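A.B. asks: Curious how this folds, go ahead:
(chains A and B)
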Amino acid sequence: EVQLVESGGGLVQPGRSLKLSCAASGFTFSNYYMAWVRQAPKKGLEWVATISTSGSRTYYPDSVKGRFTISRDNAKSSLYLQMNSLKSEDTATYYCARHAELGPSFDYWGQGVMVTVSS
Amino acid sequence: DIVMTQGALPNPVPSGESASITCQSSKSLLYSDGKTYLNWYLQRPGQSPQLLIYWMSTRASGVSDRFSGSGSGTDFTLKISRVEAEDVGVYYCQQFLEFPVTFGSGTKLEIK
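C.D. replies: Numbering: from 1, shown residues only, chains lettered A, B, ... in the order given. Below is the predicted model of the structure:
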């Protein structure tokens, strides 16, 4: 059974940093692109980052480019999101998601972790 | 960036009736391989999103055949036949043609 379990969320002050983790199990982690998707309270979904299987390629929307860094450790089947210079608008639930092998989409999602940016 | 625009539903929808959710993209999602890179997700209350449809009309594994996707390069429809209580939630369309991946704002389905 595919499982994605996020951790590392919490309350952080504006301008500070936070690192999220996602522990994957139930599939060969190193074979899949992985992503982070966020959802602000009562709002819709926003893609945040994608990383290739080896980690050599990463993709970000302009809203987080230069502040967020996605990375992975295939030996540990783990995905990470380093978030720097956090802003109030980064407050959201952050989901770890797996890129599907067939048909570009996100076929499995974690339960999400809440990040609150506030002074 | 590709903008995804979703329509609203005339909620609540009577149980057993059908519901159609529309989505429009600002750029054609039809790729040169003949596939249309449009996905649909359902987020039930308090849950993570789940994939329903990819490539515009292909149901994801385990998804009921009451869900069907159709459309052209820029206009799409998710049809839910014989709606049930478990269909309640917010439906999102998503384009995966190019980065940045973008979602529609969501369409809420309520059942009567």
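A.B. asks: quick one, phi psi at the residue nearest to the spatial centre of chain A?
C.D. replies: Among the residues of chain A, the one closest to the centroid is residue A:36, at 2.8 Å (CA atoms, centre = their mean). For residue A:36, the backbone dihedrals are phi -120, psi 140 (criterion: degrees, to the nearest 10).
A.B. asks: Tally up the residues packed near residue 21, please.
C.D. replies: You didn't say which chain, so I picked chain A. 17 (other CB atoms under 10 Å in any protein chain shown). For glycine as for every other residue, the C-beta is placed from the backbone atoms N, C-alpha and C.
A.B. asks: switch to chain B, that's the one I care about
C.D. replies: Count around residue B:21 with other CB under 10 Å applied: 23.
A.B. asks: Enumerate the beta-bridge partners assigned to it.
C.D. replies: residue B:78 (DSSP bridges).
A.B. asks: Please name the residues that touch the residue nearest to residue B:20 when sequence neighbours are not counted.
C.D. replies: Residue nearest to residue B:20 in three dimensions, not counting chain neighbours: residue B:79, with 5.0 Å by CB to CB, 6 or more residues apart in numbering or on different chains. By CB atoms under 8 Å, 6 or more residues apart in numbering or on different chains, residue B:79 lies in contact with B:18-21, B:67-70.
A.B. asks: just residue A:118 next, same as before
C.D. replies: A:11, A:13-14, A:88, A:91.
A.B. asks: and if we set it to 7 Å?
C.D. replies: For residue A:118, the contacting residues are A:11, A:88, by CB atoms under 7 Å, 6 or more residues apart in numbering or on different chains.
A.B. asks: Separate out the buried members of the contacts of residue B:79.
C.D. replies: With burial judged by 16 or more other CB atoms under 10 Å in any protein chain shown, the buried subset of the contacts of residue B:79 is B:19, B:21, B:67-69.
A.B. asks: Quick check: helices, which of those are part of them?
C.D. replies: When the buried ones among the contacts of residue B:79 are checked against helices (DSSP state H), there are no matches.
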